[in-house]
Structure formats: C-alpha cells, structure tokens
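Peer 1: Pasting the sequence and the predicted coordinates here, then a few questions.
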Number of protein chains: 6
Amino acid sequence: MLTDLPLPELATYRSSQRTPDDFADFWADTLAEAAGHDLDVRLREVPTGLTTLVTYDVTFRGFAGQDVRAWLRLPAGATTALPTVVEYVGYGGGRGHALANLLWASAGFAHLQMDTRGQGSSWSVGETPDPAVATPQVPGVLTRGIGDPADYYYRRFLTDAVRAVDAARSLPQVDPARVAVLGSSQGGGAALAVAGLRTDLAAVVSFVPFLCDFPRATRITNAYPYREVADYLAVHRESIERVHRTLAYFDGVNFARRATAPALFSVALMDATCPPSTVYGAYHAYAGPRELLVWEYNGHEGGGILDEARALDFLRARLAG
Amino acid sequence: MLTDLPLPELATYRSSQRTPDDFADFWADTLAEAAGHDLDVRLREVPTGLTTLVTYDVTFRGFAGQDVRAWLRLPAGATTALPTVVEYVGYGGGRGHALANLLWASAGFAHLQMDTRGQGSSWSVGETPDPAVATPQVPGVLTRGIGDPADYYYRRFLTDAVRAVDAARSLPQVDPARVAVLGSSQGGGAALAVAGLRTDLAAVVSFVPFLCDFPRATRITNAYPYREVADYLAVHRESIERVHRTLAYFDGVNFARRATAPALFSVALMDATCPPSTVYGAYHAYAGPRELLVWEYNGHEGGGILDEARALDFLRARLAG
Amino acid sequence: MLTDLPLPELATYRSSQRTPDDFADFWADTLAEAAGHDLDVRLREVPTGLTTLVTYDVTFRGFAGQDVRAWLRLPAGATTALPTVVEYVGYGGGRGHALANLLWASAGFAHLQMDTRGQGSSWSVGETPDPAVATPQVPGVLTRGIGDPADYYYRRFLTDAVRAVDAARSLPQVDPARVAVLGSSQGGGAALAVAGLRTDLAAVVSFVPFLCDFPRATRITNAYPYREVADYLAVHRESIERVHRTLAYFDGVNFARRATAPALFSVALMDATCPPSTVYGAYHAYAGPRELLVWEYNGHEGGGILDEARALDFLRARLAG
Amino acid sequence: MLTDLPLPELATYRSSQRTPDDFADFWADTLAEAAGHDLDVRLREVPTGLTTLVTYDVTFRGFAGQDVRAWLRLPAGATTALPTVVEYVGYGGGRGHALANLLWASAGFAHLQMDTRGQGSSWSVGETPDPAVATPQVPGVLTRGIGDPADYYYRRFLTDAVRAVDAARSLPQVDPARVAVLGSSQGGGAALAVAGLRTDLAAVVSFVPFLCDFPRATRITNAYPYREVADYLAVHRESIERVHRTLAYFDGVNFARRATAPALFSVALMDATCPPSTVYGAYHAYAGPRELLVWEYNGHEGGGILDEARALDFLRARLAG
Amino acid sequence: MLTDLPLPELATYRSSQRTPDDFADFWADTLAEAAGHDLDVRLREVPTGLTTLVTYDVTFRGFAGQDVRAWLRLPAGATTALPTVVEYVGYGGGRGHALANLLWASAGFAHLQMDTRGQGSSWSVGETPDPAVATPQVPGVLTRGIGDPADYYYRRFLTDAVRAVDAARSLPQVDPARVAVLGSSQGGGAALAVAGLRTDLAAVVSFVPFLCDFPRATRITNAYPYREVADYLAVHRESIERVHRTLAYFDGVNFARRATAPALFSVALMDATCPPSTVYGAYHAYAGPRELLVWEYNGHEGGGILDEARALDFLRARLAG
Amino acid sequence: MLTDLPLPELATYRSSQRTPDDFADFWADTLAEAAGHDLDVRLREVPTGLTTLVTYDVTFRGFAGQDVRAWLRLPAGATTALPTVVEYVGYGGGRGHALANLLWASAGFAHLQMDTRGQGSSWSVGETPDPAVATPQVPGVLTRGIGDPADYYYRRFLTDAVRAVDAARSLPQVDPARVAVLGSSQGGGAALAVAGLRTDLAAVVSFVPFLCDFPRATRITNAYPYREVADYLAVHRESIERVHRTLAYFDGVNFARRATAPALFSVALMDATCPPSTVYGAYHAYAGPRELLVWEYNGHEGGGILDEARALDFLRARLAG
C-alpha cells in the first residue's frame, strides 16, 4: 500500500529542510582536510575464475587518510581509458564478494565499488573499519557522533565517497572526463552528496535514496534505518534541535541544491524505508538536469533490475566517448 | 537460531520417505510421453547492452509439448562448444531479466536458465504459463493437482527441467558431455530430480534444496512454501494419505536414491524454509559421489555468493574440457 | 481502528474507475459463449443425518461448459416452488461441507450454494477445478490470467456465477420469479457482478464486497487478496496499465452501474481486507434501489450474523410470494 | 507445524497432574450449595424467521442461584421428548445469536446452548454476567479468583454447566435418559468437567478441550488463554504453588479420572492453543469408554465441521431412542 | 513515527465529546454515596530495609465502602505535615512492591500510591479486588459494566481515587492544603478525573493520560486498552450509542472542563496507546491553569524520568510550604 | 512458555565452553595496561532536588585511560565509610538520569552506577563514548572488533568495569572491604567478569546474566543481542571459528571458573534473551559460594523487584560492617 502521499501531492511536495549558513564552508574544510592526505591508490589483481572480467582489490586513503577498500572490475582486454561508474553500497552492506555485481563491467564500464566503513556485516561483507570516537548511540551508524557535525559518521563516509571519485580518476583505466556516481538507498544518498560536492561528474544515478529530508523522514516512518534517529531522540529527549542541526549538513536535499551533473533518480510509492516524499524532497531540490523513474507498486527494492537497465541507457548516453 | 536438529543428530538422520513401487515406471512413462513432442528449440538473440556476453531468448517444448522459455547466456566470442550450466529457479520466480545472473557466463560457461511455468511473479519475472486443470488448491503451486501424481504441478515442472537438459545438449554452443544442472531451493530440488532421471550429467549442484523429505518437512516448519501442504491438509482433512502418496513421486529423497552424477549440496542450520534435516534426508540418500557445504549460522540464503564460488570451483573441476 | 476515510468522507466518496467502452459487449459475448453449452443440471440427494432439511449435490455446466458443483438445501417436505437464494463463497473457500450453512433453507428458502473453481482449500472445501492456462501469477487467483480480460480467472468464475442463477431457475423446486443472489466478500463481489449482468433478479445481497474499485483498492491496503495485485505489479513493473485495463472489466463499480434489482449492502469501517471506500465506491454507483448497513467498529467480518439477520428480513420482504 | 510431541510420544504421554485429596468433597459441597437454589427454568419463545426450528430464550439459576441464559432450539413440530445435546461455548464467546448454530436441532435433537457468565464479548454475544469479587487478575477470566478454589471463576462457570443439564432434564421436550454434553475448547473442558461430576449422561463430546493438564499447559505454549496463567505468575511470582493448587480442582485430567459416560474426544497436532499433549493427558485419564479423533495437520480449529459430523454419528448411536 | 496529527493540527484540535446533562449530578450522587461510608484509614508500618524512608501499608474504604490498599512512603524522620503526592497507577498494574517508586518520598513529599481494584497483575502487583457484577466483557476492565454508567468499572475506580485524597488529607503526616494528584496513562486519567471532582487540590500532574476523548480514541488506534472498546463493539454491534453514552461520564475531556487546580500535562507524538490528539482534547478543555510537555519522538513512555523531573520542579513550586 | 530445557535438565546442564590457555595472561596484560593510567577519579555534586540522598557525577579513567562516567549516590548525612554497591547496566543503556535508581542508596549503601561506553541510547541515557576502531559489524556492540580479542568491544567495557571497583575503593565514602558488584543482563555479565578478575570483592550479584555460554547462546535463541553474533556470522560465513575464539575470552563461564566471592544469581525459565541454560552454564561453573533464584514463569525481566529485594538481604548479610 502507499506509504506516503499520493502521486499528485508528491508532485508538489517540497522539503522544509534548511541549508545551514556554513554548509559550503563545512564541506570545503572537510574535503580540504582529507585532501591533505595522499590518495595512495593501491591495486592488487584478484583471481576470480571469471574469464570475461578482470578484478582488482583497491585500497585508497579516505577520511583522515584512513584506508578504504573497493573493487575495480573491468572488461577483460580493455585497452583504452573507459567510461566509469563509481558505486556506493546500501546500509549495512560492504563491497561484498568479488564475484558479485558484474553488470557494469560486463556492459563495458570500469566499475569501482567502494566499501563502506564500519558496515559490511548485515547483508554483504566489508573490510573497511571506522576508526573514530563512537559516542553513545543506538545500534547502527545513523546516530554515531550525531551530536556534532564534525563527529558524525556520515562526515567520514561521505568524504570517503568523494575521495573514491578522485581515486577512480587517478587510474589509467579510467577516462576522468567520463565518471558517473551511482548507488541505491544509502548508496543513492552518497551519490547525491558527491553530486553536490563535485563539479566534474558526467552523470549521477540515485535509486530510492536514503539520507534525504530528515525533518520529515524521521517522523513519518517506523522503518529502520531512519528509525534509528527516532529511537535516539526517544532517549536523548533534549537533543532534538541539536540532532537536526547536525543532520542538515548531511541531507541529500541540501546536496541536491548544489548539484550540476545530469541525474537519474528513482522512487517507489510503497517504500517504507525511504518514503517517497523524502525522495521527491531531494529530487525537486536538484539543481542540475534531472529525470525520475516512478515505481507505483514497489517498496524499497524500487525498480530493481529495471532501475539498472534504465541507468545503463542513461549512462551510455551521458558517458558516450 | 537452529531451526531443526543439532549438527550431530543431523549427521545420523535418515528420511522415512518410501519409494513407490512404480516410481521408475511413473517417470519413464512421463518422460516418454514428453519425448513424443519435438523439442523445437528456438533461439532469438536479445540486445542487452552487455559487451562481454551474448544473450539469447530460448523457447523449447517441455511437458505436453508446451512452450517453455529460458535465457541462454554465453561469453562473447566463444568459438567452441562450452561446458554448460543448466539452472532452475527458486519458488515464485521466473527466469527474470536478461541483465541479471551474469556469473556463469562470465566464468566461461554456457548458461541456460530455465523459466518456471506459472510462477515468475513473486520476486522475478517469468513468461511461461502452466496450461492445466488447476484443482482446488491453496495459493501457490505446491498443492495444484496434488490429489493424483498424474495431475500434480511438479510432474509438469520437472519434466520441463529434464527437457531443458535435452534442449541445451541440442545446441552447437554446448558440449553435450559437459552439462551440469544447478539450482537453489526449488531450483535445487529440480536439480536433484533431474539427477535422478538422467544418466548423462557431468555434475549436479543443489543448494538448500526444496521438495525433499515431505513427511518430515510438512510437519516441522511453519514457513511457506512447505506450509502450503499443511494448509491444504488442514482443510482437506481426509486426504492426508492420498497427498503423501502423490508427494512420494516428487520427493528429492527418492530422486537422490537413483542419482549417479557427482553432486555438491549445501545446507543451512538456521533455515526454516527448507529445514536442514530435510536436506540431510536427501543428501544421505544420494547414491552418487557427494559433497556438502554446511552453513551453521545461515537461514535459507544458505552460503549465498560463497555457495556459488564453491560451485564455480566444483564445476570447473568436473567440467574441465 | 479506522482503516480508511472517516464516515463523512465516505458519504461523498466516488470511485474513479472507468467503464471500458466495450464492457457490455465483452460480457455479452462471454455469456453468449457460455450459453452455447447446455446447463446439464444434475442433482443427487446426499444423506446428511439432518431431519429438517433435504440436501442435493448439484452439478451444472459453467464457463466453457465446464462442470461446476453446488449444494442445494431445501426445507424438508416443501411442496411448492420456493423463493430462492443463490449464494457465492468468499475467497479461498469452496461450497464446504453439506452440514454447514443451514440458515437459508431453515428459513424456508431454496438455497443453492455454488462452489468456487480452483479455490476451496484455504478455509472450506471445494471440488470444482479451474481448467485453464495459468499464466505466471502470484499465489492465489487474483492475478491468474490478469494480462488479458479474456484470460482472467474472474471471467470464468463470474460466468459460473451467472450460470448458477440459470441452473437454479431451471429447477422445479425454485420459483424463477423469486431468485436472489447473495454473498460476502468475494461472494458479495460475485453477487454484484451478477446483478449487473442479469435483469431477472428479485434481490441482491452483497456483504463487505470484494472486487470493487481496483484503482483505489490496490493502493490503500496491505491486506490480501487485493495485495496480490500489488505483489504482481511489484514484479511485473511494466504491466500497470495493462493490468488495470483488465481489472476494469471485473470491477464491482462497473457492474453496479448497470444493476437494477433492489440491493442490500454492508460495509465495515475497520475492514482492511475490503476497505470501506471501495465498498462505498460500488454502493454509490449502484443504479438500482439500495440500502447500506454500516458497521462502525467491525473488520472484514462485517455485521456477521446480524448481516444475515437483516438480509433475512430484506429477502423475506423482496421475495414474498 | 507440530506444536508439541510427535504422535508416538503423545500415545504414551500421561499427565503429571495430581488429584487433590478433597477434590470430591470440594465439588460435592459446591454442587450441593447450588442445589439449594431452585432451578427456576424460564422459557420464552423467540421469533427467528426460521420455519424448520423453534427457538426459546431460556433462563435458569446456576451458581449461587444467579441467572444463566441459554438457547433451546428444537425441530419444529416435535411431539415427543427428544434426545438432547447440552452445549458449552468456547473462551470469550457467549451463546451468540438465535440464528446461529442450527446443526443439532436440524438433526433432530433438542439443543440447549448455555451462555457463559461474564464472557460473551470477544467473538459471540452473551448476556449472562458474573457477579463476584474480581480479584487482581490479568485480562480474561482464567486468573479471576485464582488464589483460592472457592473464589475461582471456573467454580462458578462449571457449576452453571452442571446445572444446565438439570435445567435440560427438567423440560418436557427433553428425554432425561438421553442427554449428552458437548463443547469445543473451553466448551470441551466444560463437557469433561460435567462428565466427571454427573453419572446420568448418555454421552460426552469434547473437541480440542481447554482446561486440561495445567502443569504442562501453562509451560509449553505462548498462546492465550493458557498464557494468562503464565502472565499472572510472571507478576505474582510467589504464588506459583498456590495457583497450581487451585487449578488442580478444575483440571480436565482430574474430571476425566472420575467420568463414566462414553466420550468422543478430538485433538489437533498443530494446535498451539490447546497443545495436543494436554488433550492426551485428559484422554488417557478418561475412565469411561472413549474414542479420539486425531487431526494431524490442524490447529485449534481441530476437525471443524468434520468433528461435528463424526459427533452426529456418535450421538445418534449413543442417544438412539 | 507520528501516530496521529502533526503538531500544528494538534494545536488546534478540539474534542467532539459532549458533556451529559446530568454529569455533575451523576458524580455528586456517586461521591455522596461513597461518603456515606467511613474512610476508616488504617496504617501498618512495613519493614523494607530502607534507611532513608519509612513505609506504611495503608487501607481505606473506597467505592461502596470496599477496602482499597495503598502505600504511604515518607522521608525518615519527618516531623512536620508534608506536602503530599497522591499517585494513581497505569493500566494493568497495582501499587507494586514496597521497595519500588522511591522518588517522591526521597524528594521530601509524603507519597500515597493507591492500589487499583481488580488490576495489579499485568506488570506490577496489586492486592485490591473489584467486588462487582462483571457483565459480559472483553478481557480487561475497560468494558466491564460498560452498558450503564452506574455499573461501569471506572465509576468504582475513580471513586476510589477521589477517596484516596480524603484518606491522605486525614493523615497527620499530610498537610491537607498541599495535596497534589499525579499519574501516568490510566493514572493520568485518574488524576484528571479527580481534578474535575475536587476543588481542594494544590496541583495536578497528568502524564500521557488515558481515558480521554473516547469518540476519537476508540476509532484511531489499534492499541490496547482503547482497543478493548472497539473489540466489544465489534461483537455488541448494536450497543455503540449506549456504550458511548456511558463513556461520556468517564471521559477526561469532561472532567477537564470542570477542573480548577493548576495542571501539568505531558503528551508524546509517537504514542499509539494514548494518541496525542486525545491528550490535546483533554488539555485544550482543561479549565484551570495548564502547562504541557510535548515529546516529539516518544511513544507511550512519554518523557519518562524527564516527565518526573519536570513534575518535581512543578510540584515544588506549587506545594511550597 | 519455556524457552529452553525444562528444570530437571537445567540442573544437570554444563557448558561446553573451553577456557583459552592464555586466558589469565590475556586479562592480566589487559588490566596491567589499564593500570598504567592514573584513575583520576573526579566527583561533582549534582543538585537533584532529593532530600534524602546526595548525588555525585563521577568521572574516572577506564580502558586506555579513557574517561568513564558514573553516578555516586549516598544517603544524605552519612558520616562513615559505607558498604558499597558497584552497579553495571544492561545492554543499550547508560547510567541514566540522576533521579532514577534510588534503591541502593536509600537502603544505606554507597551506590556507584557505571556508565557504559558507546551505549546509553536505547533505553537510558549515557555520556561515555567508545573511542576505538569500529570494525565492520552488525548494529550494536556485540560484534564490534569481534575478529580479535585485543580489539573486541567487551575488552574495553570489562576493563572499565574492573576499574570502577578501583574508583569506588579510592573514595573516602566507601569502605573498601565491603564492596559488591551487581548488575542485570549485560550488567550481570559484567559483575561475573569482575568476579573472575578480582579477589577483593565482598559479594557478587548477577541477575539473568548476558555474555555467558556463547557456543550455545548464539545457536538457541533468535533474540537480540545474542542474535547479533548469528547475524554477523550469517554474512562473515568463514569467521565462525575466529569469532568463537574471541568470545571465549569474554564468556561468563570462563570468568565464573575463576571467581571466589559469594554470589547470588537469578535465572528465568521463560527468558528468550538470556536462555536459562546459558545462565546455568555460568552458575554451575561458578567456583565461589553461590545461590540461585529461579523464576519459573518469567522472561528476561527475571525476578524484577523481587530479585532486588532478595539481593538487598543478601548484600546486607555479606556487607555487614
């Protein structure tokens, strides 16, 4: 059943999220600090048994110069710099197994799939830790360090995500003018954030994005992970203003307002995890060219393989050599 | 938590399922009848946007000469007859989208993924109908025609599965001496059945198989789809003996007793859908060479991508040219 | 709790369902085709141990001339043609046991209770199969053949329902001028459909009807069986328009618009299975004389035995000899 | 799934319940006290619109001379004293509507259906209050007055049940030599209790009885109403011994040990409400002739209409004139 | 997630509950009748092992002169008459253990915690029975005697609550000019009722009150205990008007309209048990000075210990000597 | 219902957990490293409004010299060094609000309630962070750093717990010869661990302890937090042996084998969170004098306030001056 507003009301919905005055400075300082560490991209080919693809275990330095892992998958025998997809993963997962997720490389792209710090245990394996001060929090990462933007988990994760694009662009197999970011759910939120923080992307794909429109998202769904914020505030009853102040620095709505690259979104009208109004909140705020796939009868799986098929067409058009 | 016996008791568990006296005749007659219809394999290449693989939409004649669909995926540019994996799909799904499930072809196999008649709507798309007399039944297919072995849904589906191997072997891209069958859950049950009905298979892979050890399975789990039988018998209270008589012709335990090809099984000790004792029931009955992957802390997802990684090694060894 | 609009909004709610241009032709052709088969009504008295009633096992030819079963219950010793109730059964059930459902005959009516093809296994026994091409579908019958009105399950079932009235009227125990149709949930949807397809009914009773106002019903409830359509469209993502095109031919709203017989409806404001707005959608569209029983604090059980008591009064008034 | 021991273990299970030394005295005193009040049976014919049956609203004096309601249903036109079924109702229900429950009278029995004091609100209507001191208790009646056998709710209810037989036998329409007691769940428990407290019954029918084998029942199921005792003891932690002392006076196992009339039981192996071992506990203790219907795949609905069909045969044989 | 209206709509919400014309007379008569019984307050010191507090087991005569228990906790060594908190307990609980609930006495108040008749078994122990005629009802007390205001459970309980203030004021340890009533949920509803029935209170504290705005409460939540009314009306379908007539005499909205003492309320916007609009319904009707604590992300736990901390400040200010 | 073995089997159950050869060295090294940091205990009196107690906000240096918070509550006006209770908190909580948890100080003990690093957000507030490398983990802390004993979360938490005793003993208000440790669930696990790591405790109280008998606990319950380990291993399928190697260093069974102080345990037979066999596993291994409170009908709440009442007696006897 519909989990949120009906379609006509979604079409006119706008998020109430405010952009903090120092939003740009906060992120400029954060990325500058990270840029003070060398990327130090390391590649190690891994034997997978696949004959059509080549796979590398990648390590680069992300937030605070901490090592972040990734997979790089390439069509075997590629000889030119390729159009490239940098992918971010959904909540709880990591980069997973080298044998999984073969679509983008099989379609002729270089495919850099970034691991997620401190997650990678709930549905797919990860290997990247999150070295940090874990403040009192509810289980998960959505409230880790939520008392201050400087301490918040997503400051570290999104900095990793921006740096992954730098890491990709530094590789000889990658054509730096043809790099897109892509992800679903938390990965879609990360793609939006990177879209708001970089001006050199060829395209952005954000399926059923998470991390959008927190003022509404934390109030209209019982589903995790947004529920983590509500759980936290149910105990930290006097921190509501403070928590929402932090979240504003990480809200996809605020990133969308600064984005310029052409973007493909998807939204599902029966999605309880990322309620559709929160996706529309980001979509309507998106400052670059934008398209939206609407799945009327889907939950958080969104368009699934059809989302990917449409993105394949979208990326092929945007990243044509 | 464990959903069934602890490991030491599983090691000694044997199924109480009996083999009907006319089991071999029943299946010989069924397959002979099907063989009276020409296979009529039709291939149509489909554009997918993938550069490393070639994909065909396949149609062949299965049970009663009715059309059954499949995907054939091949590594692009293959010039010799390939070792081949014939795959069957889990309950409720169909062959899905052409862009999904790229592993086996990316690893150098010809990969024929058979559609499932009348399913293909619960989690992946299918296009093959089930033309038949649908008797009074509970939702699903597990009790469709369950009053008589001749009318039972799985007589049709498993005949399709056997015919899919014939269809594969008829193709020039396939090396008929190197064909394996593979599947998970319902697909693993189908692989077991085909293993019991053919003598020309190079290998069998059956992950967390369904359709095994019905006398126990229908009593020890509340999870669907086995629960469909319990639901049916809760209403058709006087049909218990009759229903179990039918199921005996389709039980993986009985197919396993006749199998000869080397087989790789997997089982998960926290699996409520296919309780581990029922898998052990089939495994211990398996008459050919056998190996078992035991996942102690998994549910019905079993070993997931690790099951596939191990199967990749297993198949490469068994299907080496 | 209320599962839908509050009462004042229900009072003004109107369904958005459209009537297909060829709706009348579709049904005229369908019924004409069925009429090409002889009814071939067969009665066999069954010993029940009841002393006040006589019971017959009835078989007649329904859709495509296929056999459909029914019970005929009569007060013992009746010597004149009786006012008659033709009853249809709720989703998942069949005509049940001969000893059940004694009310209508005990009240002096001839009572023909039609079996439901292919159901009769979830809560009451049935014996009528559904010989057809079962397309890929989700478990249940609500999406069986849903890709085309000609193939849809409910084309067959509703044709059976119309033919049941013919079968009743052909019996010497039945006064053909005093036949009513009655049912609850799916049975209430069937009664509405028959009301829209016949002009010779003395009365119609439709309790908490199912199969009404699909455009809204498939979006506002998570409860089965309406949910079957949403499940189907979550996988068959590109078939939304096509599916709703089919459903329009079977929507109680469209049948109601053509009905003429006096009707008694019931609706329950806490009903999640058949949300009250969808019932009001049909009720407000009903073109004949109409009455509505509103149960403010009930779920899908509606008025239960009180619905029946009121219907007894209603039918006695409408079917007085 | 099985909710309790498998069938072979049920066959040898015996309850550990002890019979209190003063069990017989307790009940003799209780019934004697009730017998000090005149039965004062009052009948009022109620118009139902049924033509085959006659229905009376009955009031008699039960425990402490308090009024208890019942329905008396008779085949219309009966002229002789009839074999009679006294029925008790399941937990939470009352005697319900006059139009319901027509089976026994339609089969030629006088049918006295007793209302249940203080219940009659959860699934069927009742009109008999429970005037008493309601001690601190969990919601429901299973712990009302549980601190002392003299105060316990079921002392009052079971005394009503015994008196209902007296009331039936006092009627001219009833043949006092051919009275059976019957019920399902709580009603089955009541039938067992009456069987243990009277010697003048022609037959006893106890479907899936409740109120049996409390020492085991309160520990092996999470389902209500047995769970009420566990909920109570979770708060009244120091009352375990005291509560079980009370329950022993009301346990079907103890009544069964004193019964003499021929009895038909039913049990369902997937019943979580009245786990099968607790039914076997009573059945194996039953001191009179006994038969047991075993439903292997049913929950608390037991054999449903088939239980009734078998009971019809059983009663016809035992109550033949 | 929000369980009711968003905050701006709550701010303007007003309850539709009507005050019965004889509301004042009903309660005046009820309290006068109770006043005809001597209070007969009895204190017995209980050894608790606590060194900072003294505890008494209190008994007084409440409704109909029936004994009601309470705890009286005092700071050890107090020599003057103290400001006093009379507390009522939440649904299902009793006065609990003497060692629990030490806050108010530790803060220097005399603390009289009243037991709840007939409850005291679901989460904390009670010892006060409810001697009455228990009419047919759903499990719990919310529908006990609901057919008539004179018979309703809450007439007895609220009379006890009023009498508890009299009992407190009669004690030498209590300063009768400085008595406040306090409670949460059902206890908050009781505090509101007492506030509407007495003019001698120094303050009122009502956390997330239950028993408010029944016309809305019984329709907008599925949570117990309000659901008990809906369950009752689902069976007693013809008693809707009668039941709401009774409830109007016990609705916190109607008590609030007559209150004069300064009051502190709390409300939680994610509370499904006592939906926030129903609390606002009472709060907006409150005729005395009022304050409201709003917890945006809490369920029925409300502000928890912070509610108590704020109440401590509130009471210290209002009950200053 | 019983969640584990029945009582007679619990009485003979022994854990299969092994003690690592270097268990003593691991902990000696860990505590020595912590001892290298000064305790640096800081007290700040906090105004609470309570008149009978004095409360201090305490900070001391725990693992790695990191600051850990606590509350110290004392009876007002105490002039001698007091018997002392050091309390640890259950999973997800922190030290909570200063106004809560008044029992132990009200009974004349000094009461030091330690905050829990990185938790304090799920049900009670905490303020102590967990500065560490958060490895990929499932939500919660039970798998944080689980790949290596040196990195495991509980190495840090339990070191804090040991240091809290040092902090308490360093205070002038505390009699160092009369210090007990106490806790419930995770707090009870911590008390057990401290009991195994110190020889200067006067008593140990461990209610329904968590962190015991991991080999069994991780397999026999679906309840969190033990389930976190199963969730982790469902994804990190190849880490089973490694994870159990780590857990052995933190298992209450292994701490119990080294304990010497007299201990009071409690266990609840319907506890799914800490299944009773796992508590018996620790209890039977406990090397010091021991007593066990068995709650037959309770879940994880155990004896609740009765556990505390019994502990009050136990501590008063063991800590008598």
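Peer 2: Good, I have the coordinates.

Peer 1: my guess is residue A:191 contacts residue A:209, does it?
Peer 2: Yes. Residue A:191 is in contact with residue A:209 according to C-beta atoms under 8 Å; the separation is 7.4 Å. All C-beta atoms are positioned from the backbone trio N, CA, C, and that covers glycine.

Peer 1: if I look at these two, which residues touch both of them?
Peer 2: Shared contacts of residue A:191 and residue A:209, defined by C-beta atoms under 8 Å, 6 or more residues apart in numbering or on different chains, comprise residue A:183.

Peer 1: beta partners of residue A:265?
Peer 2: residue A:206, residue A:292 (DSSP bridges).

Peer 1: mind listing what it touches?
Peer 2: Applying C-beta under 8 Å, 6+ apart, the residues contacting residue A:265 are A:188, A:206, A:207, A:209, A:279, A:282, A:283, A:286, A:290, A:291, A:292, A:293.

Peer 1: swap the cut-off to 10 Å and go again
Peer 2: Contact analysis of residue A:265 by C-beta atoms under 10 Å, 6 or more residues apart in numbering or on different chains lists A:188, A:191-192, A:204-209, A:256, A:279-280, A:282-283, A:286, A:290-294, A:302, A:307.

Peer 1: same deal with residue A:153?
Peer 2: Counted by C-beta under 10 Å, 6+ apart, residue A:153 has contacts A:117-119, A:130, A:132, A:134-135, A:137, A:140-146, A:250, F:134.

Peer 1: Ok, residue A:49 next?
Peer 2: So residue A:49 contacts A:98, A:99, B:103, B:106, B:107, B:108, B:309, B:312, B:313, B:315, B:316 (C-beta under 10 Å, 6+ apart).

Peer 1: quick one: the first one and residue A:44 touch, right?
Peer 2: So the one you mean is residue A:98. No. Here residue A:98 does not reach residue A:44: they are 11.2 Å apart, not a contact under C-beta atoms under 10 Å.

Peer 1: out of the two, which sits in the more crowded spot?
Peer 2: residue A:98 (21 against 10; other C-beta atoms under 10 Å in any protein chain shown).

Peer 1: Need the per-residue pLDDT for the residue of the stretch 151-300 of chain A found nearest chain C.
Peer 2: Minimum separation of the stretch 151-300 of chain A from chain C (C-beta to the nearest C-beta) falls at residue A:297, amounting to 3.7 Å. At residue A:297, the pLDDT value in this model is 98.

Peer 1: and it, which of the three is it?
Peer 2: Classification of residue A:297 by DSSP: H, G, I helix; E, B strand; the rest coil places it in coil.

Peer 1: Pop out the phi and psi values for it.
Peer 2: Backbone geometry at residue A:297, expressed as degrees, to the nearest 10, gives phi -110, psi 20.

Peer 1: returning to that earlier point: now for residue A:98 and residue A:44: what residues contact both?
Peer 2: Common neighbours of residue A:98 and residue A:44, counting by C-beta under 10 Å, 6+ apart, are A:55, A:56, A:57.

Peer 1: So which residues of the stretch 1-150 of chain A form helices?
Peer 2: Taking DSSP state H, counting those that start in this stretch, the helices of the stretch 1-150 of chain A run over residues A:7-12, A:23-35, A:103-106.

Peer 1: right, so of the ones you listed, which gets closest to residue C:73?
Peer 2: helix A:7-12 (48.8 Å; C-beta to C-beta).

Peer 1: helices and strands around the closest one, which ones?
Peer 2: In this structure, helix A:7-12 makes packing contacts with helix A:276-285, strand A:290-295, judged by 3 or more C-beta pairs under 10 Å, 6 or more residues apart in numbering or on different chains; DSSP states H and E.

Peer 1: can you do 8 Å?
Peer 2: helix A:276-285 (3 or more C-beta pairs under 8 Å, 6 or more residues apart in numbering or on different chains; DSSP states H and E).

Peer 1: Just confirm yes or no for the helix it packs on near chain C.
Peer 2: No. Using C-beta under 8 Å from any C-beta of the partner chain, helix A:276-285 stays clear of chain C, with a minimum separation of 12.5 Å.

Peer 1: what residues does that helix touch?
Peer 2: With C-beta under 8 Å, 6+ apart, helix A:276-285 has contacts from A:3-5, A:10-11, A:13-15, A:17, A:192, A:206, A:208-209, A:212-213, A:216-217, A:220, A:252-257, A:265, A:267-269, A:271, A:290, A:292.

Peer 1: Mind checking which of the residues you listed are buried?
Peer 2: A:3-5, A:10, A:13, A:15, A:17, A:192, A:206, A:208-209, A:212-213, A:216-217, A:220, A:252-257, A:265, A:267-269, A:271, A:290 (16 or more other C-beta atoms under 10 Å in any protein chain shown).

Peer 1: So for the helix or strand harbouring residue A:308, mean pLDDT?
Peer 2: Under the criterion DSSP states H and E, the helix or strand holding residue A:308 is helix A:305-318. Averaged over helix A:305-318, pLDDT sits at 98.

Peer 1: Tell me what angle that helix forms with strand A:290-295.
Peer 2: Helix A:305-318 and strand A:290-295 are oriented at 160 degrees to each other (axes from the mean of the first three to the mean of the last three C-alpha atoms, to 10 degrees).

Peer 1: Name the residues of helix A:305-318 that are buried.
Peer 2: Buried residues in helix A:305-318, counted by 16+ other C-beta under 10 Å: A:305, A:306, A:307, A:308, A:309, A:310, A:311, A:312, A:314, A:315, A:318.

Peer 1: Scan the shared contacts of residue A:98 and residue A:44 and report the most crowded one.
Peer 2: Greatest neighbour count in the shared contacts of residue A:98 and residue A:44, by other C-beta under 10 Å, goes to residue A:55: 21 neighbours.

Peer 1: what are the bridge partners for it, then?
Peer 2: Counting by DSSP bridges, residue A:55 forms beta bridges with residue A:73.

Peer 1: Show the contacting residues for it.
Peer 2: Contacts of residue A:55 by C-beta under 8 Å, 6+ apart are A:45, A:46, A:48, A:71, A:72, A:73, A:74, A:98.

Peer 1: What subset of those residues is buried?
Peer 2: A:48, A:71, A:72, A:73, A:74, A:98.

Peer 1: Pick the one among those closest to chain E.
Peer 2: residue A:71 (36.5 Å).

Peer 1: Please identify the nearest residue in space to that closest one, excluding sequence neighbours.
Peer 2: Excluding its sequence neighbours, the residue lying closest to residue A:71 (C-beta to C-beta, 6 or more residues apart in numbering or on different chains) is residue A:113, at 4.7 Å.

Peer 1: And the furthest pair within the contacts of residue A:49?
Peer 2: When the contacts of residue A:49 are compared pair by pair using C-beta to C-beta, the maximum separation belongs to A:98 and B:315, at 17.5 Å.

Peer 1: how much space is there between residue A:208 and residue C:221?
Peer 2: Going from residue A:208 to residue C:221 by C-beta to C-beta, to the nearest Å gives 22 Å.

Peer 1: Indicate the residue of the stretch 1-150 of chain A located nearest to chain D.
Peer 2: Closest point on the stretch 1-150 of chain A to chain D, by C-beta to the nearest C-beta, is residue A:139, at 25.9 Å.

Peer 1: What residue, apart from its backbone neighbours, is nearest that residue spatially?
Peer 2: Excluding its sequence neighbours, the residue lying closest to residue A:139 (C-beta to C-beta, 6+ apart) is residue F:139, at 3.4 Å.

Peer 1: residues near that neighbour, how many?
Peer 2: Neighbours of residue F:139 using other C-beta under 10 Å come to 25.

Peer 1: Pass me the low-pLDDT residue ranges in chain A, would you?
Peer 2: A:321 (pLDDT under 70).

Peer 1: quick one: residue A:310 from residue F:290, how far?
Peer 2: According to C-beta to C-beta, residue A:310 stands 65 Å off from residue F:290.

Peer 1: Also residue A:140?
Peer 2: Relative to residue F:290, and taking C-beta to C-beta, residue A:140 is found at 38 Å.

Peer 1: now do residue A:120
Peer 2: According to C-beta to C-beta, residue A:120 and residue F:290 sit 42 Å apart.

Peer 1: cool, and residue A:30?
Peer 2: As judged by C-beta to C-beta, residue A:30 and residue F:290 stand 55 Å apart.
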